[in-house]
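Asks: give me a 3D structure for the following:
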Amino acid sequence: MQPVDGRIDGFILTYMLAEGWEDPGVYQKMRGDIMNDYEIRRAEKIRANQALLAELDIKPVVLRATRNANGRPPPAKRRKILQESAPSRASARIAAAPVKAIYNDEPDIKAISLPRSVAKKSKTIGKQHLGSRHVVDLEPLVPVKGVDEIRAGWTSWEATGPTPTRDDITKEFHFSHYPVFMPNKSPAELLREGGFGGSYYRPLRSRTLGIQVSGDWKELPEEWIEGLDVDRFLTSPTYDPEVNKYKVSCGQSIEEWEAAGWINHDHDVRGWFQWYTRFFRGRRCDDDDRQVSRWKKCVGPTGRWRRMLLKKYGGMGVKEVFDDGAEVDEDGVGQEVSPVMHQTCHHWAFEVRQEHLDEFWRGGGR
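Replies: Model (predicted):
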């Protein structure tokens, strides 16, 4: 069987390589012979088909376009879509049955991009996302209760968990029944040292619930915020990086967390840190496992941001936490080990301590 069309050249070259022929003249002769043979066969086949058509007396069908009286072609026919109509009569039993809810008008819960209150500073780490940008494999948590019921649940809970204990050396907190959850910053320490640009408890409009939330910072124990400038450290309407412990901006806004589906409105409309303040005070709920898992993936012993920060120390050759920023260049500017990563970990109630750095270097700095 002879090759046709664009396969002819490939066939000839493959055959010549197999035979070890390299003479271009051989290629031209073979191609000419094949093409001549192919054309002869093609012409014979056309004549045979024409003879068959003549014998069978098959005439070609010519399609004629129909036209309206005005000479224009008729409009294309459209298939009529039949909609089910309700019966004109119904039994008393059917008529008395309750009407089922229709969910065609449910809001779209796809993640959307929302603006920050202020632009981010240029101090970023490539294109990586920090803090709450850590993506976890969760479906968007859309509330199924009424808004009033949800709001009541935010303040009607009672403490059922014991007070956490703290290790005097490592400063880690330990919670009963949650051995993997070991933050070394309390909610009060995080707020006093500076986090979330001072805007965590600002008036917040939840697009999912369609309400504005404000004043919920007042549920915090008085001793946590005693002497603290609430307007600057808690309820600032704009994100101020200077409030943060490491003086940099990081993470996303609460609105972005909500749009991404990371907030369970049944419990904590502001997200992880609000959950932490309540968990620390003894509240237990069905969102605890998820939030502990998020913390573990971010700053737990093998957490992403914790490992990345320690690798930054390794890359810069810093072996003591208090050496961070100690090296000063000729302009008097200190060398800092990723303030953005430090602030990100701080938002998750964790800070790198000397024992973490020592363990990192004992493992070969990896």
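Asks: ok, now how distant is R362 from K319?
Replies: Distance from R362 to K319, counting by CB to CB, to the nearest Å: 11 Å. (Glycine included, C-beta is placed from N, CA and C.)
Asks: the more surrounded of those two?
Replies: Higher neighbour count among R362 and K319: K319, with 14 against 8, using other CB atoms under 10 Å.
Asks: so what's the more buried one up against?
Replies: K319 makes contact with Y313, L357, W361, according to CB atoms under 8 Å, 6 or more residues apart in numbering.
Asks: the same query, at a cut-off of 10 Å, please.
Replies: Y313, Q354, L357, D358, F360, W361, G365 (CB atoms under 10 Å, 6 or more residues apart in numbering).
Asks: now D358
Replies: K319, E320, V321.
Asks: next, the buried residues of the strand or helix carrying it.
Replies: Element membership of D358 [criterion: DSSP states H and E] is helix 354-362. Neighbour counts over helix 354-362 (16 or more other CB atoms under 10 Å) mark H356, L357, F360 as buried.
Asks: what does the average pLDDT come to for that helix?
Replies: Averaging pLDDT along helix 354-362 gives 94.
Asks: ranges for the strands of the stretch 151-300 of the chain?
Replies: 165-166, 173-174, 204-206, 211-213 (DSSP state E, counting those that start in this stretch).
Asks: nearest to R41, out of these?
Replies: strand 204-206 (76.4 Å; CB to CB).
Asks: least trustworthy helix or strand in the protein by mean pLDDT?
Replies: helix 92-96 (a mean of 48; mean pLDDT, DSSP states H and E).
Asks: identify the farthest-apart pair in the contacts of K319.
Replies: Every pair of the contacts of K319 checked by CB to CB; the farthest is Q354 and G365, at 15.2 Å.
Asks: quick one: low-confidence ranges for the stretch 101-250 of the chain?
Replies: 101-145 (pLDDT under 70).
Asks: return the residues in contact with G195.
Replies: Neighbours of G195 in contact, by CB under 10 Å, 6+ apart: 131, 185, 187, 189, 233, 243-246, 250-251, 273, 343, 346-349.
Asks: my bad, should have said H177
Replies: G161, P162, R284, D288.
Asks: ok, the second one touching F175?
Replies: Yes: using CB atoms under 10 Å, P162 is in contact with F175, at 8.1 Å.
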